[in-house]
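Visitor: Coordinates for the following, if possible.
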Amino acid sequence: MDKRRIAIVAGGYSSEFPVSLRSAQGLYSFMDKDRYDIYIVKLTRDEWFVELPGGETSEIDKNDFSFVEGDRIRHFDFVYITIHGTPGEDGRLQGYLDMIGLPYSTCDTLVSAMTFNKFVCNRYLQAFGIPIAHSIVLRNGQSISDQEVVEQVGLPCFIKPNVGGSSCGATKVKIEGEIQPAIKKAFDEGKEVIIEAFMAGTEITCGCYKTRKRDVVLPVTEVVSKNEFFDYEAKYTACKAEEITPARLSEEMTAKVQERTSLIYDILGCKGIIRVDYIIVGEEPYLLEVNTTPGMTETSFIPQQVKAAGMEMKCVLSEIIENEMSCR
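Guide: Next comes the predicted model:
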């Protein structure tokens with residue numbers, strides 16, 4: 001029987017491009033090559049192309065996401081999206097794939113768009129009783145005075161792009177004089193800025209995926225940054241953060257976090273693997289954000305959690321691929 005052809009789609013149009021490429025290599029190393037023919041597809045603003053064996057590339061036909069290999073036109077059976085940022089994390093690529101009828105790994109267009117907008121997603125989940133930090137949002141052309149930030153959110157606070165990830169453009173602001181430069185830095189990354197109250201506590205993250213056969217909530221990871229906060233450098237530089245899986249939490253707190261992660265998955269109607277980030281203040285896990293295209297390198301949180309759960313990434317990815325293909 002012919003093997004199914006899988007596209008690992010990486011790249012994108014944001015500053016997270018290199019992070020996405022690392023996730024693509026991680027996914028390629030994890031996937032079952034006896035079961036699937038796997039290709040890495042890179043998306044840039046100028047071109048979409050697939051990497052062929054031998055180092056050559058072939059342009060993707062956007063009419064049906066096909067490509068030419070040798071003298072044959074090839075079609076993919078499934079797309080595994082690992083773009084961090086637009087257009088793979090904000091729902092745009094998902095809408096395109098829905099239109100051409102090609103199954104994929106992540107949440108659909110609506111859920112992806114909602115979770116990509118931190119302010120909208122967190123306020124939506126707050127309506128279901130999920131605790132969040134107090135925050136305000138600025139859209140392109142809007143401004144706010146230092147005094148208003150102090151009065152409404154307080155100091156210290158976090159100022160970051162409202163969309164995007166990897167902590168690109170994020171600043172922990174301690175004094176009034178840092179507020180406007182931090183807002184400018186965040187606006188350089190996107191058209192909306194979120195100003196969020198600082199919460200002192202234990203930062204954790206928890207992965208989850210669900211299929212028609214079972215629900216899987218992964219072990220919790222505790223994050224201890226050696227930087228001011230878990231910024232880009234801490235996330236992607238060795239020795240800048242300690243990641244402890246399973247987290248050093250009580251059984252009761254671990255269960256609370258896992259149950260909340262599963263609930264968030266269901267409230268949003270997620271698909272594939274997601275990761276939910278929290279900060280525990282006292283006895284309460286406060287939601288930070290929902291990530292629908294989490295990193296997939298060897299050392300990323302999800303592979304760490306899968307290993308801690310006694311599972312293999314190869315099996316988890318095959319489970320997700322087969323589930324999504326059977327649902328289409």
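
Visitor: residue boundaries of the strands in the stretch 101-250 of the chain?
Guide: Along the stretch 101-250 of the chain, counting by DSSP state E, counting those that start in this stretch, strands occupy 135-139, 157-161, 171-173, 192-197, 202-210, 215-225, 241-244.

Visitor: could the ones you listed go into JSON lines alongside mean pLDDT?
Guide: Shown next, in JSON lines, are those (pLDDT from 0 to 100):
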{"stretch": "strand 135-139", "mean pLDDT": "94"}
{"stretch": "strand 157-161", "mean pLDDT": "92"}
{"stretch": "strand 171-173", "mean pLDDT": "93"}
{"stretch": "strand 192-197", "mean pLDDT": "94"}
{"stretch": "strand 202-210", "mean pLDDT": "97"}
{"stretch": "strand 215-225", "mean pLDDT": "95"}
{"stretch": "strand 241-244", "mean pLDDT": "90"}
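
Visitor: Could you say which of those strands is packed most deeply?
Guide: Most buried of these, by mean neighbour count (mean count of other Cβ atoms under 10 Å): strand 157-161, with a mean of 25. Where C-beta positions appear, they are placed from N, C-alpha and C, glycine not excepted.

Visitor: Please identify the buried residues of the lengthiest helix in the chain?
Guide: Using DSSP state H, we find that the single longest helix of the chain is helix 251-268. Judged by neighbour count (16 or more other Cβ atoms under 10 Å), helix 251-268 contains these buried residues: Met253, Thr254, Lys256, Val257, Gln258, Arg260, Thr261, Ser262, Leu263, Ile264, Tyr265, Leu268.

Visitor: Please apply the same query to stretch 294-305.
Guide: Of the residues in stretch 294-305, Pro294, Gly295, Met296, Thr297, Ser300, Phe301, Ile302, Pro303, Gln304, Gln305 count as buried by neighbour count, 16+ other Cβ under 10 Å.

Visitor: Is the last one in contact with Gly207, as I believe?
Guide: Just to be clear, that refers to Gln305. Yes: under the criterion of Cβ atoms under 8 Å, Gln305 makes contact with Gly207 at 4.9 Å.

Visitor: Now do the shared contacts for these two.
Guide: Common neighbours of Gln305 and Gly207, counting by Cβ atoms under 8 Å, 6 or more residues apart in numbering, are Leu218.

Visitor: Name the residues of the host helix or strand of Tyr286 that are buried.
Guide: Per DSSP states H and E: Tyr286 is located in strand 284-291. Residues of strand 284-291 classed as buried by neighbour count (16+ other Cβ under 10 Å): Pro285, Tyr286, Leu287, Leu288, Glu289, Val290, Asn291.

Visitor: show me the residues around the fifth one that make contact.
Guide: Residues in contact with Glu289, defined by Cβ under 8 Å, 6+ apart, are Thr115, Lys118, Cys121, Asn122, Val276, Asp277.

Visitor: What angle do strand 215-225 and the longest helix of the chain make with each other?
Guide: Interaxial angle of helix 251-268 relative to strand 215-225 (axes from the mean of the first three to the mean of the last three Cα atoms, to 10 degrees): 120 degrees.

Visitor: For helix 251-268, give me every contacting residue.
Guide: Here helix 251-268 has contacts from 107, 111, 114-115, 121, 125, 128, 130, 204, 206-208, 210, 215, 217, 219-220, 246-247, 249, 270, 274, 276, 278, 280, 283, 285, 287, 290, using Cβ under 8 Å, 6+ apart.

Visitor: now that helix: mean pLDDT?
Guide: Average pLDDT, helix 251-268: 98.

Visitor: Now do the first helix or strand past it going along the chain: which elements does it pack against?
Guide: Remark: after helix 251-268, the chain's next helix or strand is strand 274-281, criterion DSSP H and E. Judged by 3 or more Cβ pairs under 8 Å, 6 or more residues apart in numbering; DSSP states H and E, the packing partners of strand 274-281 are strand 202-210, helix 251-268, strand 284-291.
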